[in-house]
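1. Sequence and predicted structure, then a few things I'm wondering about:
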Amino acid sequence: MQNKFVSWLHRTMPKREELEANRFVAPLARRQELWRFTRRSVPRGVAVGLLIGIFALIPGVQIVGAALMCVPCRGNIPIAAAMTFLSNPLTTPLILIASAYIGNKLGFHADISTLMSMVEHSAGLREWTRWLLSDAAPALLIGLFVISVVSAAVGYLVSSFFWRWWIGHKRRTRHEALVVPQPAELLE
């Protein structure tokens, strides 16, 4: 299953030459360090993707913002873009409720019952705008900031440890394959 997925990714992912031909992506495509999977760029990409993906919460802005933020941070752009998908239509209400709760705990005021009611009844843009223009906006923004910064830090640490474990596992496996076991009678 994994090999099929990896081969599908290699077939469908755009090549660097195709990206360089696109006038919008060409400046980013020429910087190869933004596309390589290294022990430094992957955790940076994870952190940038989580930070922008949770704080922005606007689907088109998330990926573009994460890609642009990867340039000064030297993070991996594909990883950052993938991490923005952690905030999706299923997780966004939970993120909003948690950020309002954290904002309330930090001294701001956001009515969580109104927020829950709006989520349950699929409120329209007018209701959401009215709610955000009340005194709930500072609580929501502070909560989103706290959640995004904490998740970015945790994502960076977890991906760094996972990267080190994965590379160590690959090296051990390669080393074990190179070591040829000796017959018992030759060892005596």
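-> Received, thanks. These numbers come from a predicted model, not from an experiment. Residues are numbered from 1 along each chain as shown.
2. As a check, name the ranges of all helices in this structure.
-> Counting by DSSP state H, the chain has helices at residues 2-12, 16-21, 26-29, 41-56, 59-73, 77-83, 92-105, 112-120, 125-131, 137-178, 184-187.
3. Please name the residues that touch residue 41.
-> 33, 34, 74, 75, 76, 79 (Cβ atoms under 8 Å, 6 or more residues apart in numbering). Heads up, the C-betas are built off the backbone N, CA and C, glycines and all.
4. quick one: residue 115 and residue 132 touch, right?
-> No - using Cβ atoms under 8 Å, residue 115 makes no contact with residue 132, being 10.3 Å away.
5. Those two: which has the busier surroundings?
-> Higher neighbour count among residue 115 and residue 132: residue 115, with 22 against 12, using other Cβ atoms under 10 Å.
6. rewinding a little: ChimeraX command for the buried members of the contacts of residue 41?
-> In ChimeraX syntax, the buried subset of these is picked out as below (16 or more other Cβ atoms under 10 Å):
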select :34,75,76,79
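7. Let's check: the centremost residue of the chain is which one?
-> When Cα atoms, centre = their mean is applied to the chain, the residue found nearest the centroid is residue 83 (2.1 Å).
8. Return the member of the contacts of residue 41 nearest to residue 108.
-> residue 75 (30.8 Å; Cβ to Cβ).
9. thinking again about what came up before, tell me who's in contact with the closest residue to the residue nearest to the centre of the chain other than its chain neighbours.
-> Ranked by Cβ to Cβ, 6 or more residues apart in numbering and with sequence neighbours excluded, the top spatial neighbour of residue 83 is residue 49, at 2.6 Å. Contact partners of residue 49, counting by Cβ under 8 Å, 6+ apart, are 66, 75, 79, 80, 81, 82, 83, 84, 86, 155.
10. Generate a ChimeraX selection restricted to the buried subset of the residues you listed.
-> If you want just the buried ones from the contacts of residue 49 in ChimeraX, going by 16+ other Cβ under 10 Å, the selection is:
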select :66,75,79,80,81,82,83,84,155
